[in-house]
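Engineer: sequence first, then the predicted structure, then my questions.
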Amino acid sequence: MPTHTFMVTGKDVLHVKSPRGDIRIHEGQVNTVVVTATKRTPIVGNFGDNLKVDYKQTGNDITVEVEGNSGGLFFNSAYIDLDITVPTESDLDVYDSSGDITVSDISGLVKAETGSGDIDVSRTQGTTTLKTGSGDIETRDTNGSANIQTGSGDITLRDARLEGESVLHSGSGDIKFDGSLASNGDYTIETGSGDINLALPVDSSLQLNIDSSSGDVDNDFHTRSIGDDPRAPVFIHTGSGDISIHEQ
């Protein structure tokens with residue numbers, strides 16, 4: 001499938017929608033958005049002949065949408081993978097019904113949702129909103145506020161620096177957080193039936209509200225009032241798991 005290139009001036013907004021297939025978005029050249037679409041078809045049958053990518057640009061607003069019927073059963077159907085490079089300051093709005101989403105080196109707003117796939121985000125600045133129905137979410141070196149939710153998967157944040165109103169929620173998975181929570185934030189970390197493991201700096205300023213319905217709590221700080229005022233409120237809850245809070 002041909003590569004499409006779009007020129008933008010200033011901050012752009014990229015909208016991506018796909019029924020199935022992986023989506024990868026990463027930093028490219030200044031003022032340039034490049035979309036490479038690759039169709040994957042099964043060995044047997046002509047499934048996916050009507051699959052196509054629709055492109056639309058209005059000023060600095062770009063929409064990329066995969067359309068058509070993939071055909072066949074799930075394991076014998078066609079799909080389109082998207083690889084997209086954007087300016088680092090781009091805002092992203094990405095939806096994938098069934099596939100993995102990967103985002104890296106973006107300083108704008110990042111919103112990504114997949115129905116049944118994993119989400120991997122690294123080296124981002126600004127507000128991050130991530131959601132998957134049945135997959136894992138992992139971030140590395142993320143900065144800013146975050147709203148991260150998965151229905152039945154694990155959440156892992158490494159080298160994170162969260163601030164503002166941030167939420168980490170899993171319906172039935174583990175949550176692991178290694179990073180810092182700014183004292184000007186308000187944080188909720190909860191899972192319905194999994195363990196929570198936090199590693200926080202010794203100089204944090206936090207007020208912990210810890211609730212484990214049927215699990216153990218291990219707190220290396222030996223207090224729920226950590227550091228000096230002002231302390232950011234942190235609500236930590238698991239329905240049926242353990243909570244571990246460690247000093248970095």
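Structural biologist: The structure has been received and is ready for your questions. Residues are numbered from 1 along each chain as shown.
Engineer: let's verify Ile62: helix, strand, or coil?
Structural biologist: Classification of Ile62 using DSSP: H, G, I helix; E, B strand; the rest coil returns strand.
Engineer: which residues sit in contact with it?
Structural biologist: Residues near Ile62 by C-beta atoms under 8 Å, 6 or more residues apart in numbering: 6, 8, 12-15, 33, 55-56. Every C-beta, even on glycine, is put in place using the N, C-alpha and C of the backbone.
Engineer: Ile106 pairs with what?
Structural biologist: Legend: beta-bridge partners of Ile106 under DSSP bridges are Thr124.
Engineer: so it touches Thr88, yeah?
Structural biologist: Yes. Shown here, Ile106 and Thr88 form a contact pair, counting by C-beta atoms under 8 Å, at 6.1 Å.
Engineer: overlap in contacts of those two?
Structural biologist: Glu27.
Engineer: neighbour count: the two, which is higher?
Structural biologist: Ile106 (25 against 16; other C-beta atoms under 10 Å).
Engineer: how is the chain divided into domains?
Structural biologist: 1-117, 118-248 (automatic domain parsing).
Engineer: take those and write them to TSV, including mean pLDDT.
Structural biologist: Putting these into TSV (pLDDT from 0 to 100) gives the following:
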stretch	mean pLDDT
domain 1-117	90
domain 118-248	97
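Engineer: rewinding a little: quick check: ChimeraX command selecting the buried ones in the contacts of Ile62.
Structural biologist: Per 16 or more other C-beta atoms under 10 Å, the buried members of the contacts of Ile62 correspond to this ChimeraX selection:
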select :6,8,12,13,14,15,33
